[in-house]
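Trainee: sequence and predicted structure are below.
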2 protein chains.
Amino acid sequence: MTRRPTLKTIADRVGVTVSAVSLALRDDPRISATTRSRIQEAAEALGYVYNRHAAGLRRGDSGTVAVCLNDLSNPFFTEFLGHMETRFREAGRMMLFCHAHETPSIQARFIRQMAEHGAAGLILVPVEGTSRADLEGPRVRHLRDFPLVLISRDVADTAFDRVINDDERGIRLLFEHLYALGHRRLAWLGGGGDTSTAHDRERSFRREMDAAGLPIDDATMHHGPTSLAFGDSMLDELMALPTPPTAIVCFSDVIAFGVLAACYRRGLRPGIDLSVTGFDDMGAAAYSAPALTSVRVRTDLIGDRASELLLARIAGDRQPAVREMMPPELVVRETTGPPPETGMLPPRRRG
Amino acid sequence: MTRRPTLKTIADRVGVTVSAVSLALRDDPRISATTRSRIQEAAEALGYVYNRHAAGLRRGDSGTVAVCLNDLSNPFFTEFLGHMETRFREAGRMMLFCHAHETPSIQARFIRQMAEHGAAGLILVPVEGTSRADLEGPRVRHLRDFPLVLISRDVADTAFDRVINDDERGIRLLFEHLYALGHRRLAWLGGGGDTSTAHDRERSFRREMDAAGLPIDDATMHHGPTSLAFGDSMLDELMALPTPPTAIVCFSDVIAFGVLAACYRRGLRPGIDLSVTGFDDMGAAAYSAPALTSVRVRTDLIGDRASELLLARIAGDRQPAVREMMPPELVVRETTGPPPETGMLPPRRRG
DNA sequence: TCATGACGATCGCAAATTTCT
DNA sequence: CAGAAATTTGCGATCGTCATG
């Protein structure tokens, strides 16, 4: 059980001092090229592995950043993860990762632990219900002046950077598309829990309805978990209404996929008998049967920009906090079309 | 710009020594209850944050484990991530995460860096083409006696623990199901690149065909990326054959979903005009239109067991390496059914 | 003066050791 | 001399300072 070699091991072997080894391994010109290569060869031969704990202790920066997400089962969020991981890897930083499961206590613990680990910054999709106090209160004093960027979800009045999607615009694009097709009876299947995203999208939906002079029937407004099962389970209820909606606007693609599954079972043809829209435009949206009309949230832009902001903060940028909104794009596919002729809805069963 | 408080800061404030503070914060009984609480209050008041670099340097264990995956866009792999993250969080360990994008150089760099960061162990889905030398060669000497568990994919002859799915059994379950339904012309859409999973599943498929006395037509055997696009693009080609297959066996759910999308476009009814099977049984399989027949890979069991093994190794377990296979389960849904009557294939178009 | 590299202090914490009641 | 408390040492790397040819 030989211990891991250290700078001293190498130094003894080569016959120089520890600091010479330290410099040599970092290619410092103060060490001559010949001794440098002798040292580097010895390090290689000994199987030396750099110890960042020690270096970090001395230097202050451990070379990690922390990322905390909430819903790994939703591919939409793992898209963020992918983009950011790439950016941080390119910047030579490792990622401390946490899956908070929408649980405040997990998030709180992680915020403390990543600080203990010396993470240089944090990217956070705040768990639902996260308030300003959770990020700036006395229990998280270490976050003061700490590089922290919120993505995807906003937290009101906070003094941290935020990079989010322009949900209002997204909903407007969808509404205008459906309205132009002739839809007047629209249902809303909300999700996203108690987050800014949930509130912004629903509020925007209501506002668009109002602005268009369309009445909002509570029986067509629902909120539930952001899951396939929720979308799947709500279709029957909506179609059982005296005057069922001709279009269903879903909080997210995941919910919309659930609605499509239910449509299939009922023999309803999405885009013909009923229009369905998603939100996020995750990769799978182009391959549902039929392909889903959705709003593309630019996870790439958001992830890149958030990483960039964070790295700048880590590098010492002290600008006032920004709140940036990335513009989403409407992607029209096959699940939207003109409403069926009134009263002519043909609920064929498949077979 | 006041610096972060340290044990010394607290010690000075309370008027005790640094070691007293160290012990008190760890609730050591050697410090009297009263001073202990005085110290803890002072720590709280000062906003003290534990420094694991320093502690880790002294103790040897940094409290992290590393996880390296390859395909975040495939929800199947993020299922692993979720299970393991939970287990490690419960064990009080943070996760250093890497997305290797099937790129050996990224994986190699991560294997080094996580060691530099003092990760206590590593869970790895090896990138395609990873060989024994990549894990045990001279360039990765630090992996000798290092807690490392491979999941999902095997690496031949390696001396590390592995927890993988029993792919042979999975394919057999699918084949037997299709055979019993009456299918005799089966196509294979392979994926998974150059991994043990890819090889095992295809080999098993061929073996089942052979064992049943069914000829294997090269025109029905394909290999491509594990993507929706691949499945989507292959259907036309397969159906254009003189005698098209009556069933398509896909390497994974993702590919199968692509096939379903193409079926929809062609007006082919999965489960009636053509049978389609997936593999993995990710969450979305139950909600495709129609719902996908698949083989459930127990990501929960694999993830849990791998975490458990790793934690045991970290705790000092020196048992010989194990290779454990978790049994998958057939999940019959709607995309499989008896083959259509010969020659009676009705390629209706939707509309 | 310059190039090279030796020396010792230091980071924050924890464990071993010593000193004090 | 037992037990509590204070002191010292050292983890592994980095950095400023100093010495040598």
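Mentor: Received the coordinates, thanks.
Trainee: could you find the closest non-adjacent residue to A:I272?
Mentor: Using Cβ to Cβ, 6 or more residues apart in numbering or on different chains and skipping residues adjacent in sequence, the residue nearest A:I272 is A:G337, 5.8 Å away. C-beta coordinates here come from the backbone N, C-alpha and C atoms, glycine included.
Trainee: neighbours around the nearest residue to A:T103 once chain neighbours are set aside, how many?
Mentor: In space, and not counting its chain neighbours, A:T103 is closest to A:V127: 6.4 Å by Cβ to Cβ, 6+ apart. Residues lying near A:V127 (other Cβ atoms under 10 Å in any protein chain shown) number 24.
Trainee: sorry, back to before: burial measure for the residue nearest to A:I272, as a count.
Mentor: 22.
Trainee: A:G129 too?
Mentor: 12.
Trainee: that one is in contact with A:P104, isn't it?
Mentor: Yes - counting by Cβ atoms under 8 Å, A:G129 touches A:P104, with 6.6 Å between them.
Trainee: what sits against the residue in the stretch 101-250 of chain A that chain B sits nearest to?
Mentor: Proximity of the stretch 101-250 of chain A to chain B (Cβ to the nearest Cβ) peaks at A:R141, 3.4 Å away. The contact partners of A:R141, taken as Cβ atoms under 8 Å, 6 or more residues apart in numbering or on different chains, are B:G47.
Trainee: same check on A:L122?
Mentor: With contact set as Cβ under 8 Å, 6+ apart, A:L122 has these partners: A:V65, A:A66, A:V67, A:C68, A:I111, A:M114, A:F146, A:P147, A:L148, A:V149, A:L310.
Trainee: low-confidence ranges, chain A, go.
Mentor: For chain A, residues meeting the criterion pLDDT under 70 lie at A:1-2, A:342-351.
Trainee: tell me the domain boundaries of it?
Mentor: Taking automatic domain parsing as the reference, chain A has its domains at A:7-50, A:63-165+A:299-326, A:167-297.
Trainee: could those go into CSV alongside distance to B:R184?
Mentor: CSV is the format used below for the domains of chain A (distance: least, Cβ to Cβ, whole Å):
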stretch, distance to B:R184
domain A:7-50, 57
domain A:63-165+A:299-326, 36
domain A:167-297, 27
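Trainee: what's the spacing between A:L81 and A:A119?
Mentor: Going from A:L81 to A:A119 by Cβ to Cβ, to the nearest Å gives 16 Å.
Trainee: wait, A:Y50 touches B:G118, no?
Mentor: No - judged on Cβ under 8 Å, A:Y50 makes no contact with B:G118 at a distance of 10.3 Å.
Trainee: which one's more surrounded, the two?
Mentor: B:G118 (24 against 17).
Trainee: for the residue nearest in space to the middle of chain A, give me its contacts.
Mentor: Taking Cα atoms, centre = their mean as the criterion, A:F77 is the residue nearest the geometric centre of chain A, at 4.0 Å. Going by Cβ under 8 Å, 6+ apart, A:F77 touches A:L69, A:N70, A:D71, A:V125, A:S152.
Trainee: farthest-separated two in the residues you listed?
Mentor: With Cβ to Cβ as the measure, no two of the contacts of A:F77 lie farther apart than A:D71 and A:S152, at 10.2 Å.
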